[in-house]
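Q: for reference, the sequence and a predicted model appear below.
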Amino acid sequence: GENVEQHPSTLSVQEGDSAVIKCTYSDSASNYFPWYKQELGKGPQLIIDIRSNVGEKKDQRIAVTLNKTAKHFSLHITETQPEDSAVYFCAASKGNQGGKLIFGQGTELSVKP
Amino acid sequence: DTAVSQTPKYLVTQMGNDKSIKCEQNLGHDTMYWYKQDSKKFLKIMFSYNNKELIINETVPNRFSPKSPDKAHLNLHINSLELGDSAVYFCASSQITSGYTFGSGTRLTVV
């Protein structure tokens, strides 16, 4: 079945450093790849997404890259700040009816001041 | 104005009871979902409704019954609660192929 693998499960960085989270997906028909940030006690919040017709997308300190051939996509956060500390989820969807998202296992990012 | 609101935020109940969680979205989205987040934070889809019609039912026990009276509401009723049902349940909405907007979650604890 459809599967999304996410690594690492935990990531600790110093403030100002970069953080990279990687995901792989199994279904080659997947064409939509969002990233979510979940803070303690809150619901996941969409932070950036990318579609299969694009290789890279950037929004200020956050960027996402997609390699369709390898079925990999990654989240890059530059100049990390303590408020970036949260659990991050990648997800994949085939964009079919219902818009079902398959989520990765999550990465707990800790940014130390 | 909260985009996706679900109630209650916390729910503590005994095994065998029946409980409901309500969800409403004011974004005008056509599709609504229920996701379950387990103790390891893994998010798994349970149900999806599009314009009040059930689209996805992901091998969820029959004790779980979603109901969508209109496209802005998707409620979840759970019968005969079991210890293993303890989790955080998230409601979400979207337009097809776009990102979800999640509610803030309902933490269900079955004792």
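A: Now that the structure is in, tell me what you want to look at.
Q: nearest spatial neighbour of residue A:75, skipping sequence neighbours?
A: Residue nearest to residue A:75 in three dimensions, not counting chain neighbours: residue A:21, with 4.5 Å by CB to CB, 6 or more residues apart in numbering or on different chains. Every C-beta, even on glycine, is put in place using the N, C-alpha and C of the backbone.
Q: for the one you found, give me the pLDDT.
A: The model reports residue A:21 with a pLDDT of 98.
Q: tally of neighbours for it?
A: Neighbours of residue A:21 under the rule other CB atoms under 10 Å in any protein chain shown: 22.
Q: tell me the contacts of residue 24?
A: If you meant another chain, say so; for now it's chain A. Contact analysis of residue A:24 by CB atoms under 8 Å, 6 or more residues apart in numbering or on different chains lists A:4-5, A:70-72.
Q: that answer is for a different chain, and I need it for chain B
A: Counting by CB under 8 Å, 6+ apart, residue B:24 touches B:4-6, B:72-73.
Q: is the residue positioned nearest the centre of chain B part of a helix or strand, or is it coil?
A: Closest to where the C-alpha atoms of chain B average out (CA atoms, centre = their mean) is residue B:34, at 3.3 Å. Three-state assignment for residue B:34 (DSSP: H, G, I helix; E, B strand; the rest coil): strand.
Q: quickly list what it is bridged to.
A: Going by DSSP bridges, residue B:34 is paired in beta bridges with residue B:47, residue B:91.
Q: run me through the strand neighbours of the host helix or strand of the residue nearest to residue A:75, direction for each.
A: According to DSSP states H and E, residue A:21 maps onto strand A:19-25. Here strand A:19-25 is paired, per DSSP bridges, with strand A:4-7 (antiparallel), strand A:72-77 (antiparallel).
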